[in-house]
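**Q** Need coordinates for the following:
(3 chains)
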Amino acid sequence: MTVLRTMEWKKLPVSLTELCINTTLRCGQSFRWRKSGEDEWSCALHGRILSLRQDPSHLHYRATYPKSSSYLPSPPRSTAASEQAPEDDDTLDLIKHYFNLSPNLSQLYEQWASADQNFKKKAPKFTGIRILKQDAWEALVGFICSSNNNIARISQMVEKLCIHYGPLIGHIDSQAYHDFPTPQALTGPRVEQHLRELGFGYRAKYLYQTAVMIAQDKGAGWLDNLRNPESPKFGDKARPAGQMEEGGRDGYRTAHEELLALQGVGPKVADCVCLMGLGWGEAVPVDTHVWQIAQRDYKFGKGKHSSLTKATYDAIGNKFRGLWGEEAGWAQSVLFTANLRTFSERLVAKTEISEVIKEEDADGDDASEVTVARKVEVREKKVKRELVEDEHQALEVSSTTKRRRTTRNSLGAF
DNA sequence: CAACTTCCTCCTCT
DNA sequence: AAGAGGAGGAAGT
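**A** Numbers count the residues shown, from 1 in each chain, chains lettered A, B, ... in the order given. As a prediction, the model looks like this:
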């Protein structure tokens, strides 16, 4: 097993309204973070394992390096593993970069709320959601995997990719941590077949072909040259970007168009990469959830924009950019997260379910556009059912420990 | 262009 | 118990 050196825990003052890792790391923009303990998150990043905890006033962080890491070039001055060259540790800078901590999020929320009544209504229970500055290649791969897929399985696929093709950083608590594979690592002649065997389905071909295009066809640095110059790679200097327009800045539009040339990359995936990997805050990825939001809350879904065509896609992005401005993608991700099933319990006070159901039913204010696909209604009803069931289960367990377990819940029980 | 179909697999519901 | 349907889409026709 790899020898590691674990740095000490350090802390950075940050409020939960500026950053909430428990939401930000689970809302479907990154797929590699794992809960490594009670309220502890870990991920291999930039040649180290980064572990995080958060309390209301601070983000606590710790890096764990492999013994012979190229990221800490200076020779060890002490033999004690925990004392080695902490002055060379750039983890704080990495965190500020990765979590995109420069923008004042509370201020942005206020701005979005004052411009948009719907945001004002939905956002208060979903504070601290930031757009991460992920590696562009990692974002590209993750979102190619995301087509016709859900977060849980995307995470599984990305993990398989890292295990089989990414460099091992080390183990913590017998859990292996691999960094993300390079594009080159996915260009081997049997990669596509192997990925199919690993359960990637038709995405296997996309990943292989895209890896070849990135590693061989396009020149070195092609992907990163599509970055927002105001939001450069970790360690690089910022340069000004262009002027904002309805369709976004020139650099954003160029990046979006260029990305469409890659296999498995359509408008939605291109915008995910633009927003979360290339630093273009005005990118608005429109997936089925955002499409539902646009119909339910922003009067899309009828007339000219009755179906999600390319024209409708662009119109939704333009609408949101006009409403929220240069960081429209950030605001969009807040509403998106509020709409996710995983987080929908927050819309409900766990104590009084019946009341909440009434409230939600009376919630059909917004112009009562019921073309909103009964999918949404069905889903909401389903959520309500589940909430009621969850509550019942919780009550049962706490009171009598009955064994009313459905088959799917008995995973690993015996 | 818009509309429709196919592509893989896993999970859920019926 | 088996089968249909859906899931943060994209590409081909």
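**Q** Can you give the distance of the strand or helix carrying residue A:36 from its chain's centre?
**A** Element membership of residue A:36 [criterion: DSSP states H and E] is strand A:34-37. Put simply, strand A:34-37 sits 16 Å off its chain's centre (C-alpha atoms, centre = their mean, to the nearest Å).
**Q** Pairing partners for it, with directions?
**A** strand A:40-45 (antiparallel) (DSSP bridges).
**Q** The helix or strand following the strand it pairs with pairs with which strands?
**A** Later in the chain than strand A:40-45, the nearest helix or strand by DSSP H and E is strand A:48-54. Sheet partners assigned to strand A:48-54 using DSSP bridges are listed as strand A:40-45 (antiparallel), strand A:58-66 (antiparallel).
**Q** what's the closest of those strands to residue A:343?
**A** Smallest distance to residue A:343 across the strands paired with strand A:48-54 (C-beta to C-beta): 16.5 Å, for strand A:40-45. To be clear about C-beta, it is placed using only N, CA and C from the backbone, and glycine gets the same treatment.
**Q** which bits of chain A sit near DNA strand B?
**A** Contact residues, chain A versus DNA strand B (C-beta under 7 Å from any atom of the strand): A:148, A:152-153, A:196, A:199-203, A:205, A:307, A:309-311, A:382, A:386, A:408.
**Q** Spell out which parts of the stretch 251-400 of chain A neighbour DNA strand C.
**A** A:260, A:262-270, A:285, A:287-289, A:336-337, A:340-341, A:375, A:379.
**Q** Which of these are buried? Put it as a PyMOL command.
**A** Buried residues within these, by 16 or more other C-beta atoms under 10 Å, are selected in PyMOL with:
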select buried, chain A and resi 262+264+265+267+268+269+270+285+287+289+336+337+340
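**Q** Residue A:107 versus the closest residue to residue A:103 other than its chain neighbours, what's the distance?
**A** Of all residues not flanking residue A:103 in the chain, residue A:327 sits nearest, at 7.1 Å (C-beta to C-beta, 6 or more residues apart in numbering). Look at residue A:327 and residue A:107: by C-beta to C-beta, to the nearest Å, they are 11 Å apart.
**Q** List the residues that contact residue A:191.
**A** Taking C-beta atoms under 8 Å, 6 or more residues apart in numbering, we find residue A:191 in contact with A:165, A:204, A:207-208, A:211.
**Q** let's see 7 Å
**A** Applying C-beta atoms under 7 Å, 6 or more residues apart in numbering, one finds that residue A:191 lies in contact with residue A:208.
**Q** Equivalent analysis for the one 4 residues further on, please.
**A** By C-beta under 7 Å, 6+ apart, residue A:195 lies in contact with A:204, A:207.
**Q** Name the next helix or strand downstream of the helix or strand harbouring it, please.
**A** Here residue A:195 sits within helix A:191-197, counting by DSSP H and E. Next along the chain after helix A:191-197, taking DSSP H and E as the criterion, comes helix A:203-212.
**Q** just checking, what packs against that next one?
**A** Packed against helix A:203-212 by the contact rule (3 or more C-beta pairs under 7 Å, 6 or more residues apart in numbering; DSSP states H and E) you find helix A:136-145, helix A:191-197.
**Q** Show the contacting residues for the residue of the stretch 101-250 of chain A found nearest DNA strand C.
**A** Nearest residue of the stretch 101-250 of chain A to DNA strand C (C-beta to the nearest atom of the strand) works out as residue A:147 at 3.1 Å. By C-beta under 7 Å, 6+ apart, the residues touching residue A:147 are residue A:203.
**Q** Having no further points to raise, I will conclude here.
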